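# coords please:
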Amino acid sequence: MLLRSMIAAAALSFGLLAAQSQLPLIPFPKQITMSDGSFILDRNTAIVAPKSFEAEYLQQQLNTQFGIPVTLKTTAKGKNIQLVTDKKIPAEQYQLTSTASGITIKGRSGKELFYGIQ
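Just a heads-up that it's a prediction; the model follows:
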């Protein structure tokens, strides 16, 4: 009986680890809500944000890592990545929302936006 309990516990633990490995995030987020759809990054994608280190860093990383030369804009329509400063977000935290129509990263300051970009 003890052996069966240990096997069941190991299987349950493996299932939890497998679920987390689908999203290899460090640190693992406090909350994740999964939904259907995905955002497709392409040459028409723009980063919508005021000129900042964080926006330029994201632009450089997308170009270097994926070869996609996204542009920086202060306003834009369409499928974009938005960096938003929101004082309602607690310090040291960020909110990342990804839908088929775009990605929004919100943070209290540039520091939190940078965490979200990473």
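
# Find the residue ranges of this structure scoring beneath the pLDDT cut-off.
Scanning the chain for pLDDT under 70 picks out 1-21.

# those strands in it, which residues are they?
According to DSSP state E, the chain carries its strands in the segments 46-48, 71-73, 80-85, 94-99, 102-107.

# For Tyr115, find the nearest of those strands.
Among the strands of the chain, strand 94-99 comes nearest to Tyr115, with 5.2 Å by CB to CB. Using the backbone N, CA and C atoms, a C-beta is placed for each residue, glycine as well.

# so what secondary structure elements neighbour the closest one?
strand 102-107, helix 110-117 (3 or more CB pairs under 8 Å, 6 or more residues apart in numbering; DSSP states H and E).

# Put together CSV for these, with mean neighbour count on each row.
Listed next are the helices and strands packed on strand 94-99 as CSV, based on neighbours: other CB atoms under 10 Å:
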stretch, mean neighbour count
strand 102-107, 20
helix 110-117, 19
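
# which one of the strands of the chain lies closest to Ile32?
Taking the strands of the chain one by one with CB to CB, strand 94-99 is closest: 9.8 Å.

# Pull out the buried positions in that closest one.
94-95 (16 or more other CB atoms under 10 Å).

# quick one, that strand and strand 80-85 angle?
160 degrees (axes from the mean of the first three to the mean of the last three CA atoms, to 10 degrees).

# Same list (the strands of the chain) but as JSON lines, adding distance to Ser35.
Converted to JSON lines, these look like this (distance: least, CB to CB, whole Å):
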{"stretch": "strand 46-48", "distance to Ser35": "22"}
{"stretch": "strand 71-73", "distance to Ser35": "26"}
{"stretch": "strand 80-85", "distance to Ser35": "18"}
{"stretch": "strand 94-99", "distance to Ser35": "7"}
{"stretch": "strand 102-107", "distance to Ser35": "13"}
